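In: quick check, what structure comes out for this input:
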Amino acid sequence: MKGNFPIEKFELKETPFYYYDSALLRQTLRAINDEVSRHDNWHVHYAVKANANPKVLNIIREAGLGVDCVSGGEIETVLNAGFSASKIVFAGVGKSDWEINIGLDAGIFCFNVESIPELEVINELAAARGKVANVAFRLNPNVGAHTHANITTGLAENKFGIAMADMVSIIEHARELKNVSVAGLHFHIGSQILDMGDFDALCNRINDLQDELDRHHIRLTHINVGGGLGVDYQHPNRVSMPDFKAYFDTYARKLKLRQGQTLHFELGRAVVAQCGSLITRTLYVKEGAFKKFAIVDAGFTDLIRPALYQAYHKIENITSDMPNSTYDVVGPICESTDVFAKAIDLNEVKRGDLLAIRSAGAYGEIMASQYNCRRLPKGYITEDFK
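Out: Next comes the predicted model:
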């Protein structure tokens, strides 16, 4: 063992592959449940888009979390994994009819609705099945988040949600429809947020909107604040999970729920990012004109975040104790963007060394592709190496 990695057993596996530290995942889930259990009627739905590895989902289900789905395929996946339909929320700006019907047939907890046309389609499809669908309206709160521009979702310019000015009228319209029941409001301002002030701002906006609903004598059963809590990509060993206490305390202090209202969260990255690493083998060390390249067998087909968002992931050479040297870590894909890191210090790398690309449990395996006709990476949990 070196660190938390069973290196000797890693050597026997075909690379690249994802490794999930199941002990850390369970520790993270306990920390979430410990905080949420201090509050009545608070519920966490795991955002499946972060990672849908079946073994990871099984551990999350055992911890009692619900799920946040954004496609019909995700609903099918979590139902097959044993999650209760009564804990499923279904979001997404473009739900197809077949996806809505899957949710209706399963009897999911709630559809998070993003437009009037979507509301009317859900009502029509529910009527055809003789059902009444619970809906919450996703409002665009026009709250900025201190994160990458590509993963902000709560600004007026973004495609997500309904304008705040339309809140009352769309609720009143929905109440005229026979096959939908208005249950709540839904929000999500972005991802990888570390500044609790962003969540403060969301709470203030929700409080104002609820005051407006009070003036119209509209009372809803639940508020869904989405997720967005980030992780420390720089120091995965030292900061192995987010500050859940600060996150949940923000809502406890700032959000003014009405009597009997339930509060729902949709955490994804915060649950799974730090427990996952992409394990890749060094193919070649190439001396360039100005730098050294560590060429590995993983590419952006396996982990696209660095190419897509210029995202940072800590990289470790887990099979070397040699002095440090400086490398660009690059993959084999025929694209110049297939770079995991530039000019980073690693224990001296040689052919065959295993590198661990850390904090890759979220938006890693789930976003893998077969570009260049490459094989999809496999995913393993700690128990697979016992």
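In: I figured Ile318 hits Arg358, correct?
Out: No: the criterion here is C-beta atoms under 8 Å, and Ile318 misses it with Arg358 at 10.1 Å. For glycine as for every other residue, the C-beta is placed from the backbone atoms N, C-alpha and C.
In: all strands of the stretch 101-250 of the chain, in order?
Out: Using DSSP state E, counting those that start in this stretch, the strands of the stretch 101-250 of the chain run over 110-113, 133-140, 162-163, 180-186, 222-224.
In: returning to what we had before: pull up the overlap in contacts between Ile318 and Arg358.
Out: Residues touching both Ile318 and Arg358 by C-beta atoms under 8 Å, 6 or more residues apart in numbering: none at all.
In: so what's the residue count around Asn347?
Out: By the measure other C-beta atoms under 10 Å, the count of residues near Asn347 is 16.
In: now do the contacts for it.
Out: Counted by C-beta under 8 Å, 6+ apart, Asn347 has contacts 316-317, 320-324.
In: tell me what it is bridged to.
Out: Asn324 (DSSP bridges).
In: hmm, who's touching the top strand by length along the chain?
Out: In the chain, ranked by residue count with DSSP state E as the criterion, the top strand is strand 276-287. Strand 276-287 is touched from outside by 5, 10, 13, 15-21, 51, 292-298, 302-303, 327, 332, 349-362, 364-365, 377, with contacts defined as C-beta under 8 Å, 6+ apart.
In: now the buried members of those.
Out: Among the contacts of strand 276-287, those classed as buried by 16 or more other C-beta atoms under 10 Å are 5, 10, 13, 15-21, 51, 292-298, 302-303, 327, 349, 353-362, 364-365, 377.
In: what helices and strands are in contact with the lengthiest helix in the chain?
Out: Ranked by residue count and defined by DSSP state H, the top helix of the chain is helix 196-215. If contacts are counted by 3 or more C-beta pairs under 8 Å, 6 or more residues apart in numbering; DSSP states H and E, helix 196-215 sits against helix 167-174, helix 244-254.
In: can I get the ones you listed in CSV with mean pLDDT and mean neighbour count?
Out: Rendered in CSV, the data for the helices and strands packed on helix 196-215 read as follows (pLDDT from 0 to 100; neighbours: other C-beta atoms under 10 Å):
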stretch, mean pLDDT, mean neighbour count
helix 167-174, 95, 16
helix 244-254, 97, 17
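In: from memory Lys342 sits against Asp328, does it?
Out: Yes: contact criterion C-beta under 8 Å: Lys342 and Asp328 qualify, at 4.8 Å.
In: name the residue in the two with the higher neighbour count.
Out: Comparing Lys342 with Asp328 by other C-beta under 10 Å, the one with more neighbours is Asp328, at 18 against 13.
In: poorly predicted segments of the stretch 51-200 of the chain, please.
Out: Applying pLDDT under 70 to the stretch 51-200 of the chain flags residues 143-160.
In: ok, now with 80
Out: 142-161 (pLDDT under 80).
In: ranges for the helices of it?
Out: All helices of the stretch 51-200 of the chain, identified by DSSP state H, counting those that start in this stretch, fall at 54-62, 72-80, 97-106, 116-128, 167-174, 196-215.
In: out of these, which comes closest to Arg258?
Out: Of all the helices of the stretch 51-200 of the chain, it is helix 196-215 that lies closest to Arg258, at 6.7 Å by C-beta to C-beta.
In: got the CA coordinates for the closest one in PDB?
Out: The C-alpha coordinates for helix 196-215 follow below in PDB (Å, rounded to 0.1, in the frame of the first residue of the first chain):
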ATOM      1  CA  MET A 196     -20.700  30.400   1.200                       C
ATOM      2  CA  GLY A 197     -21.700  34.000   0.400                       C
ATOM      3  CA  ASP A 198     -23.200  32.600  -2.900                       C
ATOM      4  CA  PHE A 199     -25.500  30.400  -0.900                       C
ATOM      5  CA  ASP A 200     -26.300  33.400   1.400                       C
ATOM      6  CA  ALA A 201     -27.400  35.300  -1.700                       C
ATOM      7  CA  LEU A 202     -29.600  32.400  -2.800                       C
ATOM      8  CA  CYS A 203     -31.300  32.200   0.600                       C
ATOM      9  CA  ASN A 204     -32.000  36.000   0.500                       C
ATOM     10  CA  ARG A 205     -33.500  35.600  -2.900                       C
ATOM     11  CA  ILE A 206     -35.700  32.700  -1.800                       C
ATOM     12  CA  ASN A 207     -36.900  34.600   1.300                       C
ATOM     13  CA  ASP A 208     -38.000  37.500  -0.900                       C
ATOM     14  CA  LEU A 209     -39.800  35.200  -3.300                       C
ATOM     15  CA  GLN A 210     -41.600  33.400  -0.500                       C
ATOM     16  CA  ASP A 211     -42.700  36.800   0.900                       C
ATOM     17  CA  GLU A 212     -44.100  37.500  -2.600                       C
ATOM     18  CA  LEU A 213     -46.000  34.200  -2.500                       C
ATOM     19  CA  ASP A 214     -47.400  35.100   0.900                       C
ATOM     20  CA  ARG A 215     -48.800  38.200  -0.500                       C
END
